[in-house]
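Trainee: Attaching a predicted model along with its sequence, questions to come.
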Amino acid sequence: LPTTLVCLVIGVIGLPAFAAADTSCQPVIDADKARAAATQWHMRKTFAGSGMEVIRVGEDVYANMGGTGWKKMPPAMAKTMTQAGSQADQFDVRDCKKLGEEKVGGVDTNLYSFTTVLKGQPPFVGKVWIGKKNGLPYREQGEQHEGTTTYQGVSAPPLD
């Protein structure tokens, strides 16, 4: 479970990881790096009808997979998320385009489309809403998933 969770959170499914075929993708890549480096966030995602939530507060990471209740993840999880850039050679981010500007949860964002190619997998086509002031991703959407991330007012959940 922890490896799958890391992949879902850092962008293997969702936002792309940290390599790009063209410079138009730099804002998308920088947003993924910014989230990986952030020490406080609450992410909600759905994948083909199944949901998950992940909270990071400092070095602590908590997950609630499919409504099964909150569990504290192993201590190394936060470090693994922060060091996600070590997988950069596996990703190819391309075809990035700025689509416009929108508010997400009251935050002014720039909306981008992108394609991520992972060896042996079909291309992933998605969208990401990136905060204008801080460069963090606030919303993401793909063919079979959607997610939001908040960065303010985040605290550890009650454990089940």
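Mentor: Arrived safely. This one's a predicted model, so the numbers in the text were calculated from it and none came from an experiment.
Trainee: Now the longest helix belonging to the chain: average pLDDT?
Mentor: Secondary structure assigned by DSSP state H gives helix 26-37 as the longest helix of the chain. Across helix 26-37, pLDDT averages out at 86.
Trainee: Next: stretch 124-131.
Mentor: Mean predicted lDDT for stretch 124-131 stands at 94.
Trainee: What of stretch 140-152?
Mentor: The pLDDT scores in stretch 140-152 average 92.
Trainee: Can you mark which positions in that stretch are buried?
Mentor: 140-142, 145-151 (16 or more other CB atoms under 10 Å). In this view, the C-beta of every residue, glycine as well, is placed from N, C-alpha and C.
Trainee: follow-up on the earlier one: could you list the residues in contact with the helix or strand that the longest helix of the chain is followed by?
Mentor: Per DSSP states H and E, the first helix or strand lying C-terminal to helix 26-37 is strand 40-47. Strand 40-47 has contacts (CB atoms under 8 Å, 6 or more residues apart in numbering) with 8-9, 13-14, 35, 51-58, 144-151, 154.
Trainee: Kindly recompute the last result at 10 Å.
Mentor: 8-9, 13-14, 35, 51-58, 62-64, 66, 136-137, 140, 142, 144-155, 157 (CB atoms under 10 Å, 6 or more residues apart in numbering).
Trainee: the inter-axis angle of the strand ranked longest in the chain versus helix 26-37?
Mentor: Ranked by residue count and defined by DSSP state E, the top strand of the chain is strand 91-104. If you take axes from the mean of the first three to the mean of the last three CA atoms, to 10 degrees, strand 91-104 sits at 90 degrees to helix 26-37.
Trainee: Quick one: mean pLDDT over strand 91-104.
Mentor: Strand 91-104 comes out at a mean pLDDT of 91.
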